[in-house]
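Novice: dropping a prediction and its sequence here:
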Amino acid sequence: MSKNLPSLAITILLTSLALANPGTFQVAPFQSVYAVTRNMTLEGWSGGWNQTTTRNPMITVAQGDFVSLLLPSGDIAPHQFFIDVDRDVALPPICPPDKCSDQLPTNYQFTVDFAPGTYKYYCTFHSGQMQGDFVVQGFTVNSNPDSLRIVRASSNMSTITVTSVQSFAGTVNLAATVSPKGPTATVNPTYVILSPDGSQTSTLIVSTAGGTAPGNYVVNVTGTSGSVTRWRTVSTLVVAPDFRISANPSRLVIPLGSTRNSTIMLSSLDAFFGNVALSRNPLPAGMTATLTPTSVTLPSGGKANSTLDVAVTPTFTMPGTYIVNVTCTSGSLTHNVTVTVVAGPDFDISADPATLPLTPGSSGASTITVTSFNNFTGIVDLTGFPSDGPAFSFNPPSVIPPEGGTAASELVVNTSATIAAGNYTLTVNAMRRSIVHSAAVVVFVMDFSVTVSNASLTVQQGSSTTATVSIISLNRFAGVVNLTTTASSSALSRLLSVTTLSLSPSGAAFPVLTINASFVHAGTYTVSITGTSESLVRTVSLSITVKPSPGEASIFPLIGGVAISTIAIAATGSYLMRRRRLRGKTAASQIPT
């Protein structure tokens, strides 16, 4: 192999060479970047790439370039060129993602299809001496902000920043598309010229027409320079002009013969403007509701109010709680707000606490309070449903609140030991003639389960086996669980990897049970695992079949209930036969046993 090869010959189509500094070969910046082919020669020597000229030179290319690399070998040692694309410095390299040639000599061709940055190139066989920098130039595209909210029939903007990476220089063309169709997107300017390590900006403008459908859209901004393409996604939400309504106060307590009012407030959203008509639902005789005015004009970004006056006559015969529904309409837009009216003598009901966390076999209580309004007084009966689920009772079952005062009863809830974990809603009804009010109490029944991976196991005598025990929180149970085991034979050894554990809400634990059959007879046994947390006890059982070991003597009963092994019987028989043979013989003829 010739020793006069150039250290690194790079032929760039449509451009020229420039020597950046000793030991570095780099393409001079140019205004426009195109897809190019880079022809290079890199000679393999055990002491370093291009040992006779510029050793281990820096190679600089642009993302998207096609590289044709001539790789002669300068000595008799084996060489293989590779670029550590995944930067894991692993030998041998993983190709792909790394770029790897055949053993030298060879001609290796590849496309620079990995991200801009500085990488290392090596020889697989001599990585310590034969390594250099492989620099990939490129650019990034970013947006600020990266999401837009646009009112229909208007526009919004985002700044697009294009930044050079690793001294990339050239023209980057910009374009924008929208999916699904609806808004229009443009960039201005449509291209930027990057200097090495510099950045330039363009403005993304997203516009909507009056008929653009409200919803979510995706704007993709693409930057292209030759074969190098980068993109950025800008999420876009298109909204229609609208308005919002509210009531203050939203509850009116009105004695007989009195009037109370609530302010209906309207606010413009997303540049809405126009007339809004207000109306309300019919009410029973003896109760009136008036809106003043019944139409308001909302300016863009502004507010407007209307007053709801509700009156109850002195002779109103249907006291109770009513709902006044105020409807606001403008074109195709309609919104509602409700005002609760307590008319005449009435009462209210509440539960404290409104939630009861319990475990099976436990109890809890909630205070039910009845509050008098508008001089209400009388007996209020308390009932509840449903009848299934936890059992409950009221103490007392009826209360008499004084005028303007309160009365309380205790709701006692009891869960059975077998109730399933879950949420149970108890509806408490407070009744006085035709007046009925309700409150809800939610009972959270929490529990834990104990299960085993196998309900039955087989083990050979003298060996051991294992089973995984699952302790699982049900309905957010949390607490300390203690584990114990029992067996139908005390000779069956049992060992749990964990005997005390803390369960978190929705948590689980998986201790391992080891069963040793070294000191137990063959047969079938039962092992029980019990989990205890305060008064809560959960148990699971599994069947253990112990098989005799290959060398074990079988046992069988004889008369009188005495068990003798076949080995013992065989030994006894042998002794008796010897005794018979020895009768009548001399001592000299006896065979020692």
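Specialist: Received, thanks. Numbers count the residues shown, from 1 in each chain.

Novice: quick one: pLDDT of the residue nearest the centre of the chain?
Specialist: Of all residues in the chain, the one closest to the mean position by CA atoms, centre = their mean is S506, 14.4 Å from it. At S506 the predicted local confidence, pLDDT, stands at 90.

Novice: how about G210?
Specialist: Reading off the model, G210 has pLDDT 88.

Novice: for T263, see how far away it is.
Specialist: G210 sits 33 Å away from T263, going by CB to CB, to the nearest Å. C-beta here means a position set from N, CA and C on the backbone, and glycine is covered the same way.

Novice: ok, the two, which is more surrounded?
Specialist: A side-by-side neighbour count of G210 and T263, using other CB atoms under 10 Å, places T263 first with 12 against 8.

Novice: and whichever helix or strand I205 is part of, which residues are buried?
Specialist: In this assignment (DSSP states H and E), I205 forms part of strand 199-207. Buried residues in strand 199-207, counted by 16 or more other CB atoms under 10 Å: Q200, S202, L204, V206.

Novice: can you check stretch 302-320 too?
Specialist: A304, S306, L308, V310, A311, V312, F316, P319, G320.

Novice: host element of the second one?
Specialist: It refers to S306. Short version: S306 belongs to strand 303-312, going by DSSP H and E.

Novice: and the angle from the longest strand anywhere in the chain to strand 199-207?
Specialist: In terms of residue count, the longest strand belonging to the chain (DSSP state E) is strand 131-144. Interaxial angle of strand 131-144 relative to strand 199-207 (axes from the mean of the first three to the mean of the last three CA atoms, to 10 degrees): 30 degrees.

Novice: what packs against strand 131-144?
Specialist: Secondary-structure packing of strand 131-144 (3 or more CB pairs under 8 Å, 6 or more residues apart in numbering; DSSP states H and E): strand 58-62, strand 117-123, strand 155-165, strand 215-225, strand 228-239.

Novice: now it: buried residues?
Specialist: Buried residues in strand 131-144, counted by 16+ other CB under 10 Å: Q131, G132, F134, V135, V136, Q137, G138, F139, T140, V141, N142, S143.

Novice: centre of the chain to the one helix or strand I245 maps to, how far?
Specialist: Per DSSP H and E, I245 falls inside strand 242-248. Its chain's C-alpha centre and that of strand 242-248 lie 35 Å apart, by CA atoms, centre = their mean, to the nearest Å.

Novice: using CSV, write out every CA atom in that strand.
Specialist: Provided in CSV are the C-alpha atoms of strand 242-248 (Å, rounded to 0.1, in the frame of the first residue of the first chain):
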residue,chain,number,x,y,z
ASP,A,242,-68.9,33.7,24.0
PHE,A,243,-70.1,35.0,27.3
ARG,A,244,-70.3,33.8,30.9
ILE,A,245,-73.1,34.2,33.5
SER,A,246,-73.2,33.9,37.3
ALA,A,247,-75.6,34.7,40.2
ASN,A,248,-74.8,36.4,43.5
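
Novice: and that strand with strand 303-312, angle?
Specialist: Using the same axes, to 10 degrees: strand 242-248 against strand 303-312 is 40 degrees.

Novice: so what touches strand 242-248?
Specialist: Around strand 242-248, the neighbours that count as contacts under CB atoms under 8 Å, 6 or more residues apart in numbering are 262-270, 272, 276, 298, 308, 326, 328, 330, 333, 335-339.

Novice: one step back: now, the most widely separated pair of the buried residues of strand 131-144?
Specialist: Within the buried residues of strand 131-144, two members stand farthest from each other by CB to CB: Q131 and S143, at 37.9 Å.

Novice: and the residue lying closest to W45 once chain neighbours are set aside, which of the three is it?
Specialist: Once flanking residues are discounted, W45 sits nearest to Q51: 3.5 Å by CB to CB, 6 or more residues apart in numbering. Following DSSP: H, G, I helix; E, B strand; the rest coil, Q51 is assigned to coil.

Novice: count the residues that sit near Q51.
Specialist: Counted with other CB under 10 Å, residues neighbouring Q51 total 19.

Novice: quick one: which two of the buried residues of stretch 302-320 are the most distant?
Specialist: A304 and P319 (33.9 Å).

Novice: buried residues in stretch 352-365?
Specialist: So, applying 16+ other CB under 10 Å, buried residues of stretch 352-365: L356, P357, L358, T359, P360, S362, G364.

Novice: please name the bridge partners of the third one.
Specialist: With DSSP bridges as the criterion, L358 is bridged to V445.

Novice: pretty sure it is in contact with G389, am I right?
Specialist: No - assessed by CB atoms under 8 Å, L358 is found out of contact with G389, at 11.2 Å.
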